[in-house]
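S.K.: Provide a 3D model corresponding to the input given below.
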Amino acid sequence: MKRPFFTIITVTYNSGNKLTETIDSIVTQSFDDYRILVKDGLSTDGSIEKLKGKYSVAGKDSKGSSKITLIESCDNGIYHAMNIAVSYLSEITDDIKAGDTPSYVFFLNCGDTFRDRDVLKNVHDAIVSRQESSGTTLPSIFYGDIFEVTTLQRVPSNPKIDDYACYRNLPSHQACFYDERLMRRNLFDLKYKVRADYEQFLRCIYKEKAETVYIPMIIANYEGGGFSDVNRKISEEERKVIIGMYLPKSKIRKYDFLRIVTLSKVRTFLASNKTTAGAYNAVKNAAYKVRNAKKEK
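M.R.: Numbers count the residues shown, from 1 in each chain. Predicted structure coming up:
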């Protein structure tokens, strides 16, 4: 099967109209070299029937051609569903050989949408430009910013992924395009209920030595209210365990101290409050620029 430039994975279960809204934002993209894998956990709300009524949808064992492939099976939650979709991707495409261009995997789940119709075109151009300038296709993660629907604000990502960023300031999962080689070799670890995407990102950075490339644009409208948002205690417990696997204790103690003196709880409130989020994110973006400018000197 031909390897498209992008593989977009959407995980769904009884998502109602959100499923077609999310798929709508993909199929209206101006760049069309992509495939969509919809992983459904056997929905009973009619959302899959509505999707099939609006678009041509192929089953995973179908020999027909369609941009949308539906994978229907039971799963044990969002990370397991994502793993099933990535494993299916490995089944239908050959291994990447030297000189091949990988597909870039993006997870756009129900309720989230691309920011505008040119997102894929602009990301494609940025990736190709990077590959041409470097003369190679190293396993990479390309990422941008998100627009948070709950606060109506652009949330900037850290342009430089270093140890401190990995400690606390990784880009949103909804802003990241993964080289498929990274995804094939690094499925989500299902022992983490909330932070499996965090651990998987760090594994790609520290064990795979993946390159990270920031693209200064908004990738997706992020609905919020996901499992990690409403399970903050579990999220923080898992974060501590995960970061302890990848950073030395001395560095973690240093960053813990910095987190306390910079009033992280207050900053979290300011970032999530609709009234203060705009000003907070503007200051955050300015701080990123100053910090990275110093590192480049």
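S.K.: Specify the local secondary structure of Lys209.
M.R.: In terms of secondary structure, Lys209 is coil; the call rests on DSSP: H, G, I helix; E, B strand; the rest coil.
S.K.: what's the distance between the residue nearest the centre of the chain and Lys67?
M.R.: The centre of the chain sits closest to His173, judged by C-alpha atoms, centre = their mean, with a distance of 2.8 Å. When C-beta to C-beta, to the nearest Å is the yardstick, His173 and Lys67 sit 23 Å from each other. (C-beta placed from N, C-alpha, C; glycine too.)
S.K.: do Ser25 as well
M.R.: Ser25 is 14 Å from Lys67, by C-beta to C-beta.
S.K.: By mean pLDDT, which helix or strand of the protein comes out lowest?
M.R.: When each helix and strand of the chain is scored by mean pLDDT, DSSP states H and E, helix 227-230 comes last, with a mean of 58.
S.K.: what's the next secondary structure element after that one?
M.R.: helix 232-246 (DSSP states H and E).
S.K.: In that following helix, which residues are buried?
M.R.: Within helix 232-246, the residues scored as buried using 16 or more other C-beta atoms under 10 Å are Ser235, Glu238, Arg239, Ile242, Ile243, Tyr246.
S.K.: Which elements pack onto that helix?
M.R.: On a contact count with 3 or more C-beta pairs under 8 Å, 6 or more residues apart in numbering; DSSP states H and E, helix 232-246 meets helix 163-168, helix 196-206.
S.K.: tell me what the last one is packed against?
M.R.: The criterion is 3+ C-beta pairs under 8 Å, 6+ apart, and the helices and strands that helix 196-206 contacts are helix 163-168, helix 232-246.
S.K.: Give the buried residues for stretch 25-42.
M.R.: Burial within stretch 25-42, assessed by neighbour count using 16+ other C-beta under 10 Å, is assigned to Ser25, Ile26, Gln29, Phe31, Tyr34, Arg35, Ile36, Leu37, Val38, Lys39, Asp40, Gly41.
S.K.: farthest-separated two in those?
M.R.: The most widely separated members of the buried residues of stretch 25-42, counting by C-beta to C-beta, are Phe31 and Gly41 (29.2 Å).
S.K.: Least confident of the helices and strands packed on helix 232-246, on average?
M.R.: Of all those, mean pLDDT reaches its minimum on helix 163-168 (a mean of 94).
S.K.: Tell me which residues of that one come out buried.
M.R.: Neighbour counts over helix 163-168 (16+ other C-beta under 10 Å) mark Asp163, Tyr164, Ala165, Cys166, Tyr167 as buried.
S.K.: How about stretch 146-161?
M.R.: 146-149, 151, 153-159, 161.
S.K.: For the residues you listed, work out which two are farthest apart.
M.R.: By the measure C-beta to C-beta, Val149 and Ile161 form the most distant pair in the buried residues of stretch 146-161, at 25.0 Å.
S.K.: which regions of the stretch 1-150 of the chain sit below the pLDDT cut-off?
M.R.: Segments of the stretch 1-150 of the chain classed as low confidence (criterion: pLDDT under 70) are 1, 63-64.
S.K.: Please, which helix or strand holds the residue nearest to Thr44 when sequence neighbours are not counted?
M.R.: Distances taken as C-beta to C-beta, 6 or more residues apart in numbering place Asn14 nearest to Thr44, at 6.5 Å, with adjacent residues excluded. Under the criterion DSSP H and E, no helix or strand holds Asn14.
S.K.: which ones are touching Asn14?
M.R.: Ser43, Thr44, Asp45, Ser47 (C-beta atoms under 8 Å, 6 or more residues apart in numbering).
S.K.: Kindly report the same for Asp118.
M.R.: If a contact means C-beta under 8 Å, 6+ apart, then Asp118 has Gln29, Ser30, Phe31 as its contacts.
S.K.: Phe107: which of the residues you listed is nearest?
M.R.: Sorting the contacts of Asp118 by how near they are to Phe107, with C-beta to C-beta, puts Gln29 at the top with 15.8 Å.
S.K.: ok, which stretches of this protein are helices?
M.R.: Remark: helices assigned in the chain by DSSP state H are 18-27, 47-54, 78-92, 119-134, 163-168, 180-185, 196-206, 227-230, 232-246, 249-261, 264-272, 277-296.
S.K.: As TSV, those helices with distance to Thr10 would be great.
M.R.: Written out in TSV, the entries for those read as follows (distance: least, C-beta to C-beta, whole Å):
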stretch	distance to Thr10
helix 18-27	6
helix 47-54	10
helix 78-92	9
helix 119-134	14
helix 163-168	27
helix 180-185	15
helix 196-206	15
helix 227-230	16
helix 232-246	23
helix 249-261	34
helix 264-272	26
helix 277-296	27
